[in-house]
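Visitor: give me the fold of what follows.
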Amino acid sequence: MSRLPVLTLLFAFASLLFMLLLILFRVPFPLYPLMSGQDALDLLTPFVLIPLYWLLFRHGGRSPTTSRQELIFVLLAALWVSGHGQHLAANSIHNLSGKLTEAGTLDIAGTDLFTLIYFFDERLSHILWYSGIVGLAAVLIEREYSAPALAPTAWWAATLAGVIYGFTYFASFLEDQAVAIGLPFAALVIIFGLLGQRRNLSQRPVLAFYTVACGLALLLFLGWGLYWRGFPEFSAVGLT
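Guide: Okay, here's the model as predicted:
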């Protein structure tokens, strides 16, 4: 029996938790109050998601992975981890500096220190991290395309996982100002999945999952963009 339905569901739920729901734990971390519970839990993010990417990579094709495929996977995983690590540290410092400013004990706004923190938190880390996210997705899709496992698509799992991940994808790329990366990639997956591989989706569970996810994400991007006449983050319009 194919493991892909279970793996896509685990991947979708884990992404929802570690990409979005961590914000619910933004309270002081008891063992080190300068950190938040969000920061502490976020340390686990690559240890959960990267192995799930790897399992999807290994089980997504019927033949053993090639050295070229594995090298590309490792390089993209390193890009993903590098971006996430930069974001975790810089975002934690950014949040702490905001609290100190509110308390009136320290205000670094307008300084070179704040500019550097903001650059790592909101610019460089997001470019690296989200490039890794779409890069790994492309690797999983290519792996299945080049040597499909010919496992039947469990549409209930692909749809449920796709809806969960599609919303996570949309919300994450939007809030982290990475729509320029996420929207074009979602459109390319839709074009490939629905126009190029539509007849094969019943035996391409990974592609089916990403097609559902990117279809929902694309609709949400377009709806948000039309409503707001642009792509402001949730926080910019008072929704967080």
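Visitor: S97: how many residues sit nearby?
Guide: Residues within reach of S97, counting by other C-beta atoms under 10 Å, total 18. In short, each C-beta sits where N, CA and C put it, glycine included.
Visitor: how about it, secondary structure?
Guide: Three-state assignment for S97 (DSSP: H, G, I helix; E, B strand; the rest coil): helix.
Visitor: and the nearest residue to S63 once chain neighbours are set aside, what does it touch?
Guide: Closest residue in space to S63, ignoring its immediate chain neighbours: A147 at 4.3 Å, by C-beta to C-beta, 6 or more residues apart in numbering. With contact taken as C-beta atoms under 8 Å, 6 or more residues apart in numbering, A147 is in contact with 61-63.
Visitor: residues contacting stretch 226-240, please?
Guide: Judged by C-beta under 8 Å, 6+ apart, the contacts made with stretch 226-240 from elsewhere in the structure are 23, 171, 174-177, 179, 221, 224-225.
Visitor: repeat for stretch 40-48
Guide: Taking C-beta under 8 Å, 6+ apart as the rule, stretch 40-48 contacts 14, 18, 22, 25, 29, 31-32, 80-81, 84-85, 88.
Visitor: so which of these is the closest to Y165?
Guide: Out of those, the one with the shortest distance to Y165 is A14. That distance is 9.8 Å, counting by C-beta to C-beta.
Visitor: helix or strand right after the helix or strand where the closest one lies?
Guide: Here A14 sits within helix 4-19, counting by DSSP states H and E. Read in the C-terminal direction, the helix or strand following helix 4-19 is helix 37-42, with elements assigned using DSSP H and E.
Visitor: can you identify the element that follows that next one toward the C-terminus?
Guide: Downstream of helix 37-42 (by DSSP H and E), the next one is helix 45-59.
Visitor: okay, buried residues for that following helix please.
Guide: By neighbour count on 16 or more other C-beta atoms under 10 Å, the buried set for helix 45-59 is 45-46, 49-50, 52-57, 59.
Visitor: do stretch 7-21 as well
Guide: 7-19.
Visitor: now G60: phi and psi?
Guide: Dihedral angles phi and psi of G60 (degrees, to the nearest 10) take the values phi -80, psi -10.
Visitor: run a quick neighbour tally on it.
Guide: Counted with other C-beta under 10 Å, residues neighbouring G60 total 26.
Visitor: what do you get for the one 4 residues further on?
Guide: Here the number of neighbours of P64 (other C-beta under 10 Å) works out to 9.
Visitor: figure out the helix or strand that it lives in.
Guide: Assessed by DSSP H and E, P64 sits outside every helix and strand.
Visitor: start the count at 542 instead of 1 going forward.
Guide: Happy to do that; since the first residue is 542 now, the last one works out to P605.
Visitor: how about it, what does it touch?
Guide: Counting by C-beta under 8 Å, 6+ apart, P605 makes contact with nothing.
Visitor: same check on V680?
Guide: Going by C-beta under 8 Å, 6+ apart, V680 touches 598, 610, 613-614, 617.
Visitor: among those, which ones are in helices?
Guide: Counting by DSSP state H, the contacts of V680 place 598, 610, 613-614, 617 in helices.
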